[in-house]
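In: Sequence below, structure please.
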Amino acid sequence: MSTTTEITAPGAAEPAPAAGSGRSGRPARVRRRGERSRTATILTHGALITASLVAIFPIAWLIFLSLGPDKDDYLHPGRILGKWGFDNYSFVLQHTSFFTWFGNTCLIAFATSVIGVGIAATTGYAVSRMRFPGYRKFMWVLLVTQMFPIAVLIVPMYTILGDLGLIDTYSGLVLVYCTTAVPYCAWLLKGYFDTIPFEIDEAGRVDGLSPFGTFWRLILPLARPGLAVAAFYTCLTAWGEVAFANTFMLDDQKYTLAVGLSSFISEHDSQWNYMAATAVLIAIPVSLVFYVVQKHLVTGLTAGAAKS
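Out: Model (predicted):
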């Protein structure tokens, strides 16, 4: 049995690696479809981190200023580090009508959410399912009402509420907030109802349900994410609005949190430290509500945008 030894002559060129392989002879890694390169990943994360810092900075700055005990600490923020404390929060909670403002705001926000979402849901469902004369023009009229600035609306609304005897009443302020929230929520819920199959309505009618029974028992449970978005929007409308509440509420015991916040600024004095502390306290309940309903918010916003 003979053995053959293959000898490569000195200086002879080695065989070239196969196409698509690296220097080591291993096959080069092929990037999958949709996979980003390392440079693109670094740039994307850098942009996201920058955007997050831009969004978080005002909140962190407000919290930092709320820890300064003097009203002029915002002019010299470096001095806060040596004397920071929670005296501003103690003053706001103990020596102001904060809890009265908080109760008024919760009452108005809850009433606005319930009434506004109820009206918007029935409106959006009717336009989505029923083809009555002028239904398209009706939705455009609702959209046009959102184009008027608040400064234009305050005077006629004040006149109307004065004629109805609703000045300095919770019901009057709730009515005003509903006129702001209902048009947007009606459009939002109409788009969400469009994504629910019409066969569900037909099945309800076959089972003997009335149109309202179908809406109440079948459609509303399916539209829960859209209702969560509408309720959150109406709640925010009532929670942080200043112009209407400051104009229509005359008694300081009926102030909302936003109006109470502005009471720390007068013509001759501005107590920025107390104002910052109050703003932080106002933001805490809204942040908790957002944390609870955030899953429904994402679902409702994406589904409502599918067929609007």
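
In: Just confirm Leu65 contacts Ala276, I think it does.
Out: Yes - assessed by C-beta atoms under 8 Å, Leu65 is found in contact with Ala276 at 4.5 Å. (Each C-beta comes from the backbone N, C-alpha and C, glycine too.)

In: Neighbour count: those two, which is higher?
Out: Counted by other C-beta atoms under 10 Å, Leu65 and Ala276 do not tie: Ala276 has more neighbours, with 26 against 20.

In: The more buried one contacts Asn88, doesn't it?
Out: Yes - here Ala276 reaches Asn88: they are 7.1 Å apart, a contact under C-beta under 8 Å.

In: Give me the common contacts of these two.
Out: Ser66 (C-beta atoms under 8 Å, 6 or more residues apart in numbering).

In: Find residues that contact each of Leu65 and Ala276.
Out: Tyr74.

In: how distant is stretch 202-214 from the center of its chain?
Out: Chain-centre distance of stretch 202-214: 34 Å, with C-alpha atoms, centre = their mean, to the nearest Å.

In: Can you show me the CA trace of it as CSV?
Out: Taking Å, rounded to 0.1, in the frame of the first residue of the first chain, the C-alpha atoms of stretch 202-214 are listed here in CSV:
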residue,chain,number,x,y,z
GLU,A,202,-76.8,41.4,13.8
ALA,A,203,-76.3,38.5,16.2
GLY,A,204,-77.6,40.6,19.0
ARG,A,205,-80.7,41.5,17.1
VAL,A,206,-81.3,37.9,16.2
ASP,A,207,-81.2,37.1,20.0
GLY,A,208,-83.9,39.7,20.5
LEU,A,209,-81.8,42.6,21.9
SER,A,210,-82.9,46.2,21.2
PRO,A,211,-80.4,48.5,19.5
PHE,A,212,-79.5,50.0,22.9
GLY,A,213,-79.2,46.5,24.4
THR,A,214,-76.8,45.5,21.7
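
In: where in the protein is pLDDT low?
Out: 1-35, 267-268, 296-308 (pLDDT under 70).

In: residue ranges for the strands of it, please.
Out: In the chain, no strands are defined using DSSP state E.

In: Enumerate every residue touching the residue nearest the centre of the chain.
Out: Centroid-nearest residue in the chain: Tyr233, 6.6 Å away (criterion: C-alpha atoms, centre = their mean). Contact analysis of Tyr233 by C-beta under 8 Å, 6+ apart lists 181, 184-185, 188.

In: Of the residues you listed - the most surrounded one?
Out: Going by other C-beta under 10 Å, Cys185 tops the contacts of Tyr233 with 28 neighbours.

In: What are the boundaries of the helices in the protein?
Out: Assigned by DSSP state H, the chain shows helices spanning 38-66, 87-95, 98-129, 135-144, 150-164, 170-194, 199-206, 211-214, 220-222, 224-240, 243-248, 257-262, 272-304.

In: what's the offset of the last one from the middle of its chain?
Out: Distance, stretch centre to chain centre, for helix 272-304: 7 Å (C-alpha atoms, centre = their mean).

In: Show me what it is packed against.
Out: Based on contacts counted as 3 or more C-beta pairs under 8 Å, 6 or more residues apart in numbering; DSSP states H and E, the elements that helix 272-304 packs against are helix 38-66, helix 87-95, helix 170-194, helix 224-240, helix 257-262.
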